[in-house]
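>>> I'd like to go over a predicted model; first the sequence, then the structure.
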Amino acid sequence: MFSKVVISLCASVMLFGCPKKKSDDTETVEVQPESSNTVMSEVITVVATNSEGVKTNIETIRYNFENLSTPESIVVHKGDIYVSNIGGQPGQSPDMGFITKFDGKENIKLCDGAVTLNDPKGFAFMSDNYLLISNHPNVTLKRVMDNDKCADVKSLPIDSGAGFLNDVARLDNNTAFVTDTGKGLIYKVTINEQFDDFKISIVKGINHNGINGVTFDPTTSTLYFVTSTFGGDATVGDLYSVQLDNNFNLSGNIVKWNTKQIGAGGLDGIALLQNDKLVISDWGKDGADNSAMLFIYDIPTKSLSTTISGDITSTADITVDGNIIYMPEFSKNRISTIDIGDKL
């Protein structure tokens, strides 16, 4: 009998197909899509520990398919999975980056044949056809056509020079925030109604060493972000929140949540879960195998509710679709999913 995570992915998401049970403790899947691009998958177990120390085993589906190269960020859009790939080491792989799309049949290079990307990390669909990408040292806007081809709309550098562009949070169709881990800043990107031009400005009031993952809750107009040791300060690794006004400017004080350094401090992704919770990814100890963790926080109480650990490595910019967490495992060239359902 399959676990709820497998049932949920097969019945609700309908992306990868259902696994067949092997005779040992590991489930392995070989999905044969219409193309020759074989998708391999296995089911492993991770451990969720709540604030009282109670442990719960949760099955995780781990996917290995072609066309992944140092996957950094994931977006789920209209049932398809999109992944940004750096193509090598950050800052050392010019013109090697790309984005892939997995539609349940094959994993293809999106915009294949178009100008490659330099260092793509965070990205967001501003509408069904326009993709905003953190493409260090530029911010890039691309138009995606029905045949998965792309047109470069515009690419802009940061006027003052970017330190290390990282995550992207979509605020509405024409506004997004982009973090700069190198300079500890957030930039506001404002796109015109015709999607043929945009401008970039610094978000005043935010300057935090190693700022990395960022997400926005439109229901409460709250911005959440994390800091990371990637900025060079080994003591950071914190969670912050701040209210925004109708123009997406800071309307209140930045609140540092009352936590000690979260995990090993290598915080990367942040996403909103259902039931007023946030999930944060931590690379772990210098990206060592099996040391990555996820931390789930309760928003009303600003308290840690659950940690998830196990056989996961270098978790980068996570995303959430319902209660399914999607994790790119950067150094392993694979994608893992955890369906926490009603377990936590």
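Thanks, I have it.
>>> Residue 136 against residue 121, yeah?
Yes - look at residue 136 against residue 121 with CB atoms under 8 Å: they come within range, at 7.3 Å. Glycine gets a C-beta too; all of them are placed from N, C-alpha and C.
>>> Overlap in contacts, the two.
90, 165 (CB atoms under 8 Å, 6 or more residues apart in numbering).
>>> Pull up the distance across stretch 209-229, start to finish.
8 Å (CA to CA, to the nearest Å).
>>> just stretch 281-291 next, same as before
11 Å.
>>> in that stretch, what's buried?
For stretch 281-291, the buried set under the neighbour-count rule, 16 or more other CB atoms under 10 Å, comprises 281-284, 291.
>>> So which residues make contact with it?
Contacting residues not belonging to stretch 281-291 are listed as 213, 237, 262-270, 292-295, 310-318, 327, 330-331 [CB under 8 Å, 6+ apart].
>>> Generate a PyMOL selection restricted to the buried entries among these.
Restricted to buried positions by 16+ other CB under 10 Å, the PyMOL selection for the contacts of stretch 281-291 reads:
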select buried, resi 213+237+262+263+264+265+266+267+268+269+270+292+293+294+295+310+312+313+314+315+316+317+318+327+330
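>>> Go through the buried residues of stretch 281-291 and flag which are in strands.
In strands, judged by DSSP state E, the following of the buried residues of stretch 281-291 are found: 281-282.
>>> nearest to residue 45, of the buried residues of stretch 281-291?
Nearest to residue 45 out of the buried residues of stretch 281-291 is residue 291 (CB to CB; 16.8 Å).
>>> any idea how far the closest one lies from residue 311?
10 Å (CB to CB, to the nearest Å).
>>> Could you do residue 151 as well?
41 Å.
>>> and if you look at residue 170?
Residue 170 is 31 Å from residue 311, where distance means CB to CB.
>>> How confident was the prediction at residue 41?
For residue 41, the pLDDT comes out at 85.
>>> What is the burial count for it?
Using other CB atoms under 10 Å, residue 41 is surrounded by 23 other residues.
>>> quick one: low-confidence parts of this structure?
For the chain, the stretches with pLDDT under 70 are 1-39, 114-115, 343-344.
>>> Tell me how many other residues surround residue 73.
Neighbours around residue 73, by other CB under 10 Å: 30.
>>> which residue sits closest to it in space, ignoring its chain neighbours?
residue 317 (3.6 Å; CB to CB, 6 or more residues apart in numbering).
>>> for stretch 251-262, the distance to its chain's centre please.
Relative to its chain's centre, stretch 251-262 lies at 21 Å (CA atoms, centre = their mean, to the nearest Å).
>>> Can you pull out the residues in contact with stretch 209-220?
Counting contacts by CB under 8 Å, 6+ apart, the residues touching stretch 209-220 from outside are 166-172, 177, 179-181, 184-186, 222-233, 236, 243-244, 267-272, 278, 280-281, 317.
>>> buried residues in that stretch?
Buried, per 16+ other CB under 10 Å, within stretch 209-220: 209-216.
>>> Check stretch 137-157 too.
Under the neighbour-count criterion of 16+ other CB under 10 Å, stretch 137-157 has 137-144, 150, 153, 156 buried.
>>> Helices along the protein, start to end?
Under the criterion DSSP state H, the chain contains helices at 4-8.
>>> So which of the buried residues of stretch 209-220 belong to strands?
211-216.
>>> so what's residue 89 up against?
By CB under 8 Å, 6+ apart, the contact set of residue 89 is residue 70.
>>> State the distance from it to residue 133.
Counting by CB to CB, the gap from residue 89 to residue 133 is 18 Å.
>>> cool, residue 80 as well?
17 Å.
>>> Which one of the two is surrounded by more residues?
Shown here are residue 80 and residue 133; by other CB under 10 Å, residue 133 has more neighbours (26 against 13).
>>> Tell me the bridge partners for the more buried one.
Residue 133 forms beta bridges with residue 123, residue 140, as assigned by DSSP bridges.
>>> quick one: contacts for it?
For residue 133, the contact set (CB under 8 Å, 6+ apart) comprises 84, 99, 117, 120, 122-123, 139-142, 168.
>>> possible to save the residues you listed as JSON lines with distance to residue 69?
Listed next are the contacts of residue 133 as JSON lines, based on distance: CB to CB, whole Å:
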{"residue": "84", "distance to residue 69": "10"}
{"residue": "99", "distance to residue 69": "11"}
{"residue": "117", "distance to residue 69": "12"}
{"residue": "120", "distance to residue 69": "11"}
{"residue": "122", "distance to residue 69": "17"}
{"residue": "123", "distance to residue 69": "16"}
{"residue": "139", "distance to residue 69": "22"}
{"residue": "140", "distance to residue 69": "18"}
{"residue": "141", "distance to residue 69": "23"}
{"residue": "142", "distance to residue 69": "19"}
{"residue": "168", "distance to residue 69": "20"}
